[in-house]
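# prediction below, plus the sequence it came from.
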Protein chains: 2
Amino acid sequence: MVKSTLDKQVSGRLGQDDVRYTAGRREVVLALSEADGPRSAAELSDDLGPSVPLSSLYRTLAVLEAADILTPHFSSPGVTRYELAEWLNGHHHHLVCVVCGQVEDVETTDEVELRLQAIVSDITGRSSFVESNHALEIEGKCRNCQ
Amino acid sequence: MVKSTLDKQVSGRLGQDDVRYTAGRREVVLALSEADGPRSAAELSDDLGPSVPLSSLYRTLAVLEAADILTPHFSSPGVTRYELAEWLNGHHHHLVCVVCGQVEDVETTDEVELRLQAIVSDITGRSSFVESNHALEIEGKCRNCQ
DNA sequence: TTCCTTGCAAACGATTTGCATTGGA
DNA sequence: TCCAATGCAAATCGTTTGCAAGGAA
């Protein structure tokens, strides 16, 4: 079995928690690494086929989230989508289609990210809120839904 | 019955759709106008008391959203929170507490908002995505949860 | 053998809907 | 009077969990 860099990172992290990196979990990580944005359990189920029961999928997602391999996102009603955590996937933002609900990743340059961070600091500066992360969600219509 | 400015705005808007501004709907609008951030059906139910059935509350929220009086937000798993639409409430951003899930509004200055808009344009500039709105969600710990 | 993992089915929580009743213009 | 609005109960949908079977170390 050939292990990619990603596989090694995930495997190492799971090992710290005494959690096995099983075939089913590897499939989910692979599917998410190939996706261009967060994916819901239902969407992943479509990718993986009906041989993977939804309950196992949900359990896999929960395990990977607890191990900080995946990050949850909530951009459409009642659905949680997951993507690889930032330390695996890099910092980025989201284009959320208000028609079909699909979410697409967008990269920013370091320069843009610095300007954004400055804005976040301006906003939280005088409040008693302690920032841990920020997410710029851009809503609109994706290519397919215009 | 004394009507506030907000009441007149909402009443006028609903009138355009041949939708009545009933006591139950007015209560929800009032409760949301007094909140400092988006509220879920369950949270509103706590405010309004058990005399308002949840099903009516959900129907009210759906009607007000369809009329563009309310905007939905999805920041915690499985829960939709609503707030007054921007044309009633003003443009603002959110501080999302990762511990308790509560969401608090934050205002920005026009100057900060211009800088943010520039960033959004930089990001969407080369994509085929058509922006309609942006939302800067700042995650962290609220005053109570630190 | 010892635990972790998986599958299936039942249980859950948030939200929606069918249907009969109520209420306003 | 007539149709929108409401209440109640049942139904849905995404997600979670109990329990027994399968699998790796």
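Okay, I see it.
# and chain A, what are its domains?
A:1-90, A:91-146 (automatic domain parsing).
# can you tell me the helix or strand for the residue nearest in space to the middle of chain A?
Centre of chain A computed as the mean C-alpha position; nearest residue by C-alpha atoms, centre = their mean is residue A:83, 1.7 Å away. Assigned by DSSP states H and E, residue A:83 belongs to strand A:79-84.
# that strand and DNA strand D, any residue contact?
Yes. Strand A:79-84 comes into contact with DNA strand D (C-beta under 7 Å from any atom of the strand), by way of A:79, A:80. For every residue, glycine as well, the C-beta is placed using N, CA and C.
# ok so, going back, wait, the residue nearest to the centre of chain A touches residue A:39, no?
Yes. Using C-beta atoms under 8 Å, residue A:83 makes contact with residue A:39 at a distance of 7.2 Å.
# okay, and the common contacts of these two?
The contact sets of residue A:83 and residue A:39 overlap at residue A:32 (C-beta atoms under 8 Å, 6 or more residues apart in numbering or on different chains).
# burial count for the residue nearest to the residue nearest to the centre of chain A when sequence neighbours are not counted?
Excluding its sequence neighbours, the residue lying closest to residue A:83 (C-beta to C-beta, 6 or more residues apart in numbering or on different chains) is residue A:38, at 4.2 Å. For residue A:38, the count of nearby residues is 25 (other C-beta atoms under 10 Å in any protein chain shown).
# just the one 10 residues further on next, same as before
When neighbours are defined as other C-beta under 10 Å, residue A:48 has 16 of them.
# need the longest strand for chain A.
strand A:130-141 (DSSP state E).
# after the strand holding residue A:83, which helix or strand is next?
helix A:86-89.
# quick one: mean pLDDT for the helix or strand following that following helix?
The helix or strand immediately downstream of helix A:86-89 is strand A:93-97, counting by DSSP H and E. The average pLDDT within strand A:93-97 is 90.
# likewise for stretch A:32-40?
Summarised as a single mean, pLDDT over stretch A:32-40 is 94.
# close to DNA strand C, is that stretch?
No. Using C-beta under 7 Å from any atom of the strand, stretch A:32-40 never reaches DNA strand C; the gap is at least 14.2 Å.
# could you pull out the buried residues of that stretch?
For stretch A:32-40, burial by neighbour count (16 or more other C-beta atoms under 10 Å in any protein chain shown) applies to A:32, A:35, A:37, A:38, A:39, A:40.
# and DNA strand D, which of those residues contact it?
Answer for the buried residues of stretch A:32-40 near DNA strand D (C-beta under 7 Å from any atom of the strand): residue A:40.
# turn the buried residues of stretch A:32-40 into CSV, including secondary structure.
Shown next, in CSV, are the buried residues of stretch A:32-40 (DSSP: H, G, I helix; E, B strand; the rest coil):
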residue, secondary structure
A:32, helix
A:35, coil
A:37, coil
A:38, coil
A:39, strand
A:40, strand
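# in a markdown table: the buried residues of stretch A:32-40, plus distance to residue B:18.
Supplementary listing: the buried residues of stretch A:32-40 in a markdown table, determined by distance: C-beta to C-beta, whole Å:
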| residue | distance to residue B:18 |
| --- | --- |
| A:32 | 46 |
| A:35 | 43 |
| A:37 | 39 |
| A:38 | 39 |
| A:39 | 40 |
| A:40 | 36 |
